[in-house]
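A.B. asks: can't give you the sequence, but here's the structure:
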């Protein structure tokens, strides 16, 4: 493998790593913000703070889906570049030809991993919003 091809693959791998890191950070911020909203709701006995979660979670979910989509496209580009002859390396970083099948934004947003994580977050918000007040009225 010549140096040009290796350098091109390193560029693409750096982008893939950055997208994966962004996705990880978004999940951390989602948990942090939802936890802070729960703490504010419990402190002031105001469930209105929990309502903000219904806005925050879908926003983070859509953004995470975007990063996953871009990461999948760059993985496709990586596979394509690794299969190309070393003399034909163009240093193109355009992943748009790989925006198909499972790499689209919508498909990535509703992938199993994101659906489980953000679905669970919405489920927890629903339980906090409706389940806890219901249980406290019963007791």
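C.D. replies: All right, it came through fine. Small disclaimer: the values here were computed from a predicted structure and weren't measured. Residues are numbered from 1 along each chain as shown.
A.B. asks: nearest residue to the residue most central in space within the chain other than its sequence neighbours?
C.D. replies: By Cα atoms, centre = their mean, the chain has its centre lying nearest to residue 64, at 2.2 Å. Nearest residue to residue 64 in three dimensions, chain neighbours excluded: residue 26, at 4.7 Å (Cβ to Cβ, 6 or more residues apart in numbering). In this view, the C-beta of every residue, glycine as well, is placed from N, C-alpha and C.
A.B. asks: ranges for the helices of this protein?
C.D. replies: Using DSSP state H, the helices of the chain run over 3-44, 48-51, 53-83, 105-109, 112-126, 132-138.
A.B. asks: hang on, the earlier thing: can you tell me how far the residue nearest to residue 64 sits from residue 52?
C.D. replies: 17 Å (Cβ to Cβ, to the nearest Å).
A.B. asks: Looking at the two, which one has more neighbours?
C.D. replies: With neighbours defined as other Cβ atoms under 10 Å, residue 26 and residue 52 compare such that residue 26 has more, 22 against 16.
A.B. asks: can I assume the more buried one is in contact with residue 63?
C.D. replies: Yes - the pair residue 26 / residue 63 is scored as a contact, 5.9 Å apart, by Cβ atoms under 8 Å.
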